[in-house]
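Q: how does the following fold in three dimensions:
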Amino acid sequence: MSVPAPGSSQEQERAPARGAERVEGPATGVPPQLAAYRATIDNLDAALVHLLAERFRCTQQVGMLKAELDLPPSDPAREERQVRRLRALAEDSGLDPVFAEKFFAFIVEEVIRHHEAIRDAHASA
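A: Numbers count the residues shown, from 1 in each chain. Next up is the predicted model:
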């Protein structure tokens, strides 16, 4: 699988049109308080998507650097430190640390997959 370089035309083609976060219009018959909560949730979901996109843009750069330096796609020691750090942040924030760890593991799995693809593309270039 080829991974588009940040800022490339291929990456830009995959970028959503402006305003894409406004998929759902105001619902009729929904109590105002529920509509307000949903609007907040929609805004938070949009922020999460934008943050994840930015994180993956950065990890793509890390993957390219690792490929250039012939470093492994995964760094288990760093991942373990990050898990401890994120579990503590989750506890401090009132978020279930088990959930935070599962979410982080999901993200790291995807990052490693990207790094492997970048490494493979770099090796065949």
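Q: which one is the residue nearest the centre of the chain nearest to, not counting chain neighbours?
A: Nearest residue to the geometric centre of the chain (Cα atoms, centre = their mean): Leu52, 2.8 Å. Leaving out its chain neighbours, the residue that sits closest to Leu52 by Cβ to Cβ, 6 or more residues apart in numbering is Ile107, at 7.6 Å. For the C-beta atoms, the positions are set from N, CA and C on the backbone; glycine is no exception.
Q: what's the burial count for that neighbour?
A: Around Ile107 sit 15 other residues, with neighbours defined as other Cβ atoms under 10 Å.
Q: my read: it touches Arg55, true?
A: Yes. Assessed by Cβ atoms under 8 Å, Ile107 is found in contact with Arg55 at 7.5 Å.
Q: quick check: which element contains the residue nearest to Leu52?
A: helix 97-124 (DSSP states H and E).
Q: tell me which other helices or strands that helix touches.
A: Helix 97-124 is packed against helix 32-69, helix 76-93, with contacts defined by 3 or more Cβ pairs under 8 Å, 6 or more residues apart in numbering; DSSP states H and E.
Q: what's the angle from the longest one to helix 97-124?
A: Okay, so that is helix 32-69. Here helix 32-69 runs at an angle of 40 degrees relative to helix 97-124 (axes from the mean of the first three to the mean of the last three Cα atoms, to 10 degrees).
Q: what helices or strands is helix 32-69 leaning on?
A: Other elements packing on helix 32-69 under the criterion 3+ Cβ pairs under 8 Å, 6+ apart are helix 97-124.
Q: in the helix it packs on, what's buried?
A: By 16 or more other Cβ atoms under 10 Å, the buried positions in helix 97-124 come out as 97, 100-101, 104, 108, 111-112, 114-119.
Q: what about it, average pLDDT?
A: Summarised as a single mean, pLDDT over helix 97-124 is 97.
Q: and for stretch 67-87?
A: Here the average pLDDT along stretch 67-87 is 97.
Q: and that stretch, which residues are buried?
A: For stretch 67-87, using 16+ other Cβ under 10 Å, the buried residues are 67, 73, 75, 83, 86-87.
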